[in-house]
Structures are given as C-alpha cells and as structure tokens.
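A.B. asks: generate a structure from the sequence data that follows.
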Amino acid sequence: MGPLSIAACVSLAVWLWLTFGQGMFWRTDVRLPPRTPPARWPSVAVVVPARDEAGVLPLSLPSLLAQDYPGEAEVFLVDDGSSDGTGALALALAREHPGLPLTVCSPGEPEAGWTGKLWAVRHGIGLARAADAGEPEYLLLTDADIAHEPDSLRELVAAAVSADLDLVSLMARLRVVTVWERLVVPAFVYFFAQLYPFRWINRPAGRTAAAAGGCVLLRTETAVRAGVPESIRQAVIDDVSLARAVRRSGGRIWLGLAERVDSVRPYSGLGDLWRMVSRSAYAQLRHQPLLLVGTVAGLALVYLAPPVTCCAGLLTGRPVAAWAGAAAWLLMAGTYLPMLRYYRQSAVLAPLLPLTALLYLLMTVDSAVQHYRGRGAAWKGRTYARPSDA
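C.D. replies: Numbering: from 1, shown residues only. So this is what the prediction gives:
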C-alpha cells in the first residue's frame, strides 16, 4: 500500500476506536440522573461572576431571580471591574424582576496569580458564607450569560441530593443562530465530549474529570475540602480544574447535557468564535510545543485525512484509499449527527465536520502564536501568563 492508502486505513482504525472505545462520547443521552425531591431542601447561594455583561444580563439574571426553589436561596453577583455598568444594571433588573434576594459586590482588580473570574468567584463564595442566613449547603456557580428555566435549580439540587453527588454540572446549550454558530458551536461540544467522555466522568471511581463552567452546583463542604477556588486560582480552564480538584479531594462529580440551561451570548461572526476558542486552546495543551505539534498532526490525521484520502483515492484510482477514507468520513459524520440533532441543526452539516476541524486546528495554532507574542489567554481586556510564570 502507498502512503495515501496507509493514511486512510490508519484514520479508519482511529475512527473505529473513537466510535466504540471512547466512552460512547458521541451519544447525547447523558442528562440529569434520576432524582426525587429531598425531604428537606438545602440552602443554596448562586454566585455569578460578571465582567462587562450588560449586553446579556437582561436575558439571564431575571431567570435566576425567578427560580422556583422550595428552600432558601440567594443570588450574589460579583461585578469584576466592569466598565459598562453591569453592577448597576443588575440592581435595576432586581427591582424590575423581584424574586430571589440579590446582592451585588465589586472586589476590585484581582491579586497577582488569580484569574479575574476565579477572583470574583472567591469573593462571591466568601460573601455567601458570611451572609446573615448562614453558610449555604450548596453553591451554584453560573456565568452571567447563562439563562435558567424556573425549575433549573430545583432539578439540579434534587439530582445532587438523590445521587449523593458533590458536583453536578450541565453543559449549557449554546446559542446557534448565525451561519458561523451553526458551523462551529455544535462541534465545540462534540470535541469537548470526545476529550472528556461524559460517561467516564460520571463513573464513581473514574479518573476522567471535567465540568462545564457555565453551570456548576457544588457542595459547600466539598469546596472547602478541595480548597477551591484558591487551589485553582491561576487556572484559565477553570471548569476542568475545578472538577479535578473536587475529584482529588474524594468528591463525586457528574457532567451532562442541559435541558433547562441555555447560553444567551451571541457570536455573530467568526471572529467572536475564534477568540472564544483560541483564548484557552494552548492552555489546554499546557503551553507545550510538542503537544501542539502532536495535536495538529492528530487533527489532520483524524479529521482531514478521511475526505482528502477519499477524494484523492477516487481521482487517482486507489480503491483502498478511497473506500477506507470514505468509511472513516462516514463514521465521523455519523457520530456527529446526534450532536446536530441536540442542537436542532440540519444533518447536512455532518459531512462538513472536517472543515470545522480545520478551523479549530487554525484556532489552536493561533492560540500558541498569541501566547508567544505575549497576548495568550486574553479575555475582556486581561491577559494571563501561564501558571509557572504568574
């Protein structure tokens, strides 16, 4: 066999393994575990870090204030140095949409060694634990662009109590409206699940750990035991770091796809999506050049080789390359279909996954380039050094 046929066969072998041996990552039926209402509803503090979120807060904050929760619950919004009036808007929204009590605070610029979000989370948790109502039993850490159905908190707590979970996280359904969102967003969740198969994460004795930072219900006692957020204060990818810290402390974690939790943040153009991915892609690779090279080669072999070898094999009369490449491409598209259905998108997008993977490859390379130019992990006016340099 020539190099083209070898590449096609290797890619097919990888896709057979991914399809059947990688925790069935492509299935989208991992939802909140079976649950029953607890005899006593525990107290919950909802902590919302927010930096320049005036554009999305009117769509998200009222949904938190309107939570239909039978126990005690309070919302703490931490204004992380916003320049667009986020804090004042939050208070105005609370007056217009009465519901759960809202406290707004602004802790100032983060100390050295802290990311802005975790600095805000630290102060929100501290404020919640010092509140007059006493220390909350659970913390709901949710981003300012996340909207919750009225029963979201109730269902999260019921799941945590019923299954005795220390951390319950839902991957919020991201907005998919524009052409670029349709092309890039479902693949983002698909790639995440491929790296961190939900079924592996949810094994009680599993080693894989991850969470989705937009919606994390965390037992307060576990947070104290795991030393979070202090123990992960430099983490750019804070959700995965949080889950790992909880698992290391002996806590039980669970992650699944959301049914009642949605992101309302718009990504109108490719540039917005590019920045969302590239700001943390190289951090995911621990800023290691060899890992970057391996990732680029792996993406090329797994996602680009199938259509290239299929088409090249057909054009040059190499049947092994053509059929092996086509089979790998078919497996790729077939495993992507459930995610497209979850996002209510056309199946026509499934064969285009190699194009989306090429975009992610370029975003990852750009993330490394920006890092070495001193602009890596930049978000909303802040740039973070890698942990060893912080």
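A.B. asks: alpha carbons only: can I get the longest helix along the chain in PDB?
C.D. replies: Counting residues, the longest helix in the chain under DSSP state H turns out to be helix 319-342. Extracted as PDB, the C-alpha positions of helix 319-342 are listed here (Å, rounded to 0.1, in the frame of the first residue of the first chain):
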ATOM      1  CA  PRO A 319      -9.600   1.900  -4.200                       C
ATOM      2  CA  VAL A 320      -8.200   1.100  -0.800                       C
ATOM      3  CA  ALA A 321      -7.600   4.800   0.000                       C
ATOM      4  CA  ALA A 322     -11.000   5.800  -1.500                       C
ATOM      5  CA  TRP A 323     -13.000   3.200   0.500                       C
ATOM      6  CA  ALA A 324     -11.100   3.500   3.800                       C
ATOM      7  CA  GLY A 325     -11.200   7.300   3.600                       C
ATOM      8  CA  ALA A 326     -15.000   7.200   2.800                       C
ATOM      9  CA  ALA A 327     -15.600   4.800   5.700                       C
ATOM     10  CA  ALA A 328     -13.700   6.900   8.200                       C
ATOM     11  CA  TRP A 329     -15.600  10.000   6.900                       C
ATOM     12  CA  LEU A 330     -18.900   8.200   7.300                       C
ATOM     13  CA  LEU A 331     -18.100   7.200  10.900                       C
ATOM     14  CA  MET A 332     -17.100  10.800  11.600                       C
ATOM     15  CA  ALA A 333     -20.300  12.200  10.200                       C
ATOM     16  CA  GLY A 334     -22.400   9.500  11.800                       C
ATOM     17  CA  THR A 335     -21.100  10.200  15.300                       C
ATOM     18  CA  TYR A 336     -21.700  13.900  14.800                       C
ATOM     19  CA  LEU A 337     -25.300  13.500  13.900                       C
ATOM     20  CA  PRO A 338     -26.600  13.200  17.500                       C
ATOM     21  CA  MET A 339     -25.000  16.500  18.500                       C
ATOM     22  CA  LEU A 340     -26.500  18.200  15.500                       C
ATOM     23  CA  ARG A 341     -29.900  16.800  16.400                       C
ATOM     24  CA  TYR A 342     -29.400  18.000  20.000                       C
END
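A.B. asks: for the record, mean pLDDT for it?
C.D. replies: Confidence for helix 319-342, expressed as mean pLDDT, is 98.
A.B. asks: so how far is it from its chain's centroid?
C.D. replies: 25 Å (CA atoms, centre = their mean, to the nearest Å).
A.B. asks: what comes up buried for it?
C.D. replies: Judged by neighbour count (16 or more other CB atoms under 10 Å), helix 319-342 contains these buried residues: 320-333, 335-336, 338-340, 342. C-beta coordinates here come from the backbone N, C-alpha and C atoms, glycine included.
A.B. asks: where's the nearest residue to residue 184 once chain neighbours are set aside, which helix or strand?
C.D. replies: Spatial nearest neighbour of residue 184, excluding adjacent residues (CB to CB, 6 or more residues apart in numbering): residue 273 at 4.8 Å. Element membership for residue 273 (DSSP states H and E) is helix 270-284.
A.B. asks: helix or strand next in line after that helix, which one?
C.D. replies: Later in the chain than helix 270-284, the nearest helix or strand by DSSP H and E is helix 289-299.
A.B. asks: what helices or strands is the helix holding residue 273 leaning on?
C.D. replies: Where contact means 3 or more CB pairs under 8 Å, 6 or more residues apart in numbering; DSSP states H and E, helix 270-284 is packed against helix 179-195, helix 353-372, strand 378-379.
A.B. asks: ok, which of the ones you listed comes nearest residue 233?
C.D. replies: Proximity to residue 233 (CB to CB) singles out strand 378-379 among the helices and strands packed on helix 270-284, at 15.8 Å.
A.B. asks: any idea of the mean pLDDT in that closest one?
C.D. replies: Strand 378-379 comes out at a mean pLDDT of 56.
A.B. asks: same question, stretch 141-154
C.D. replies: Computed over stretch 141-154, the mean pLDDT rounds to 97.
A.B. asks: now the terminal residues of that stretch, how far apart.
C.D. replies: Chord length of stretch 141-154, first to last residue, is 15 Å (CA to CA, to the nearest Å).
A.B. asks: likewise stretch 200-210?
C.D. replies: First-to-last distance for stretch 200-210 - CA to CA - comes to 10 Å.
A.B. asks: okay, the angle between the longest helix of the chain and helix 353-372?
C.D. replies: Relative orientation of helix 319-342 versus helix 353-372 (axes from the mean of the first three to the mean of the last three CA atoms, to 10 degrees): 80 degrees.
A.B. asks: and helix 319-342, what does it pack onto?
C.D. replies: Helices and strands touching helix 319-342, by 3+ CB pairs under 8 Å, 6+ apart, are helix 3-21, helix 179-195, helix 305-316, helix 353-372.
A.B. asks: please enumerate the helices of the stretch 1-150 of the chain.
C.D. replies: Secondary structure of the stretch 1-150 of the chain by DSSP state H, counting those that start in this stretch: the helices cover 3-21, 57-65, 86-96, 116-129.
A.B. asks: residue 347: which of these is closest?
C.D. replies: Residue 347 sits nearest to helix 3-21 of all the helices of the stretch 1-150 of the chain, at 17.4 Å, using CB to CB.
A.B. asks: how far does that closest one sit from its chain's centre?
C.D. replies: 28 Å.
A.B. asks: now what about that helix, what contacts it?
C.D. replies: For helix 3-21, contacts defined as CB atoms under 8 Å, 6 or more residues apart in numbering pick out 1, 25-26, 194, 301-302, 305-306, 309-310, 312-313, 316, 318, 320-322, 324-325, 327-328, 331-332, 334-335.
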